[in-house]
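**Student:** below: sequence and its predicted model.
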Amino acid sequence: MAQATDIQRRYGKTQRVDRWWIEPALFGGGLLAFVIYSTVSALILGNSWHFEAGPYLSPFFEPLIKPGWVPEWISPAVFILWAPLGFRTTCYYYRRTYYRSFFMSPPGCAVTEPAKSYSGESKFPFILQNAHRLFLYVALVFIPILWYGALKAFWLDGEGLGVGVGSLILTANAFLLMMYTLSCHSLRHLIGGGLDCFSCSNYTRTRRKAWDILSLANEHHKGWAWASLISVGLADLYVHLVANGVLTDLNTWSNF
Ligand code: FES
């Protein structure tokens, strides 16, 4: 008992014998790399690093909003990125990841943490995490917008229908971002939560069916979260490389 009490007091101490620190180190590093890349690519370089190439538009800028009154040094991505940023930072899975990796709260199951008290998400700023449902509504609006961008990537003005590597990358990206959104815990609760009886009426039975379908995606929310994060970063990088003449896109069009 004396040993257990001692362990509880010292930060980072645990009786676990596995390499529990690999996951928070790996996922924290991945998240940090994405935050740095997306900030530099979309916000700092913004207009100076071309983000449109033929029929392709980087997903960080979809839909392109460029009002005339906005100074040139402000990236159009500022009108877009607040939505996915808010959705991801309040996501239940990402909270788990960055609480562990960055706040050490706790760094792993059954591993002691530095904080002496715990107030959950009931105080500022963490109380803002409760806005996740609101960011979900915005994210749902972005699904058709991203699909529009993906379908647009198969049409080159002046030549018409065709396909290129960029079209496929943007399509895969729209699919993965859609699956990440549809696998959201909050959406699952919105569809099937708050019911006492699933079989009581046609309405509740229909909700049960929808809930069952969403649950299939929800089981893999972590996988969708990472796959879509990587795909959106790669799609942005690919479009930038093509737009800035670093890469040549393989496609069926003759003038692109
Ligand atoms: S819980 Fe992760 S997106 Fe909603």
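**Tutor:** Sure thing, it's come through.

**Student:** please tell me how far residue 148 sits from the ligand.
**Tutor:** Distance of residue 148 to the ligand, computed by C-beta to the nearest ligand atom, to the nearest Å: 21 Å. For every residue, glycine as well, the C-beta is placed using N, CA and C.

**Student:** are there helices or strands packed against the helix or strand where that residue lies, and which ones?
**Tutor:** Residue 148 belongs to helix 132-152 when elements are defined using DSSP states H and E. For helix 132-152, the contact count by 3 or more C-beta pairs under 8 Å, 6 or more residues apart in numbering; DSSP states H and E identifies helix 78-89, helix 165-182, helix 185-192 as packing neighbours.

**Student:** what does the longest one contact?
**Tutor:** I take that to be helix 165-182. 53-56, 59, 87, 136, 139-140, 142-143, 146-147, 149-150, 153-154, 187, 214, 217, 221, 224-225, 227-228, 231-232, 234-235, 238-239, 242, 249-251 (C-beta atoms under 8 Å, 6 or more residues apart in numbering).

**Student:** buried only: go through these for me.
**Tutor:** Among those, those buried by neighbour count (16 or more other C-beta atoms under 10 Å) are 53-56, 59, 87, 136, 139-140, 142-143, 146-147, 149-150, 153-154, 187, 214, 217, 221, 224-225, 227-228, 231-232, 235, 238-239, 242, 249, 251.

**Student:** close to the ligand: what parts of the stretch 151-256 of the chain are there?
**Tutor:** 184-186, 221 (C-beta under 6 Å from any ligand atom).

**Student:** can you tell me which of the residues you listed comes closest to the ligand?
**Tutor:** Nearest to the ligand among those, counting by C-beta to the nearest ligand atom, is residue 184 at 3.1 Å.

**Student:** next, the contact list for the closest one, please.
**Tutor:** Counting by C-beta under 8 Å, 6+ apart, the residues that residue 184 touches are 91, 136, 139, 218, 221.

**Student:** got TSV for the residues you listed, with pLDDT too?
**Tutor:** As requested, these are exported to TSV (pLDDT from 0 to 100):
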residue	pLDDT
91	98
136	98
139	98
218	98
221	98
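
**Student:** quick check: phi and psi on residue 56?
**Tutor:** phi -100, psi 140 (degrees, to the nearest 10).

**Student:** cross-check the contact I'm expecting between residue 254 and residue 159.
**Tutor:** Yes: Residue 254 is in contact with residue 159 according to C-beta atoms under 8 Å; the separation is 6.8 Å.

**Student:** the two - which one has more neighbours?
**Tutor:** residue 159 (15 against 8; other C-beta atoms under 10 Å).

**Student:** how about the nearest residue to that one, chain neighbours excluded?
**Tutor:** residue 253 (4.9 Å; C-beta to C-beta, 6 or more residues apart in numbering).

**Student:** just to be sure, that neighbour is in a strand?
**Tutor:** No: looking at residue 253 with DSSP: H, G, I helix; E, B strand; the rest coil, it is coil, so not inside a strand.

**Student:** give the burial count for residue 222, as a bare number.
**Tutor:** Count around residue 222 with other C-beta under 10 Å applied: 14.

**Student:** repeat for residue 33
**Tutor:** Residues near residue 33, counting by other C-beta under 10 Å: 11.

**Student:** per-residue pLDDT, it?
**Tutor:** pLDDT recorded at residue 33 is 97.

**Student:** how is it assigned, secondary-structure-wise?
**Tutor:** Looking at residue 33 with three-state DSSP, the answer is helix.

**Student:** roughly how far apart are it and the ligand?
**Tutor:** 20 Å.

**Student:** measure that residue to residue 226 for me?
**Tutor:** 12 Å (C-beta to C-beta, to the nearest Å).

**Student:** in the chain, where is pLDDT below threshold?
**Tutor:** Within the chain, the segments meeting pLDDT under 70 span 1-10.

**Student:** can you check which helix is longest in it?
**Tutor:** Taking DSSP state H as the criterion, the chain has its longest helix at helix 221-243.
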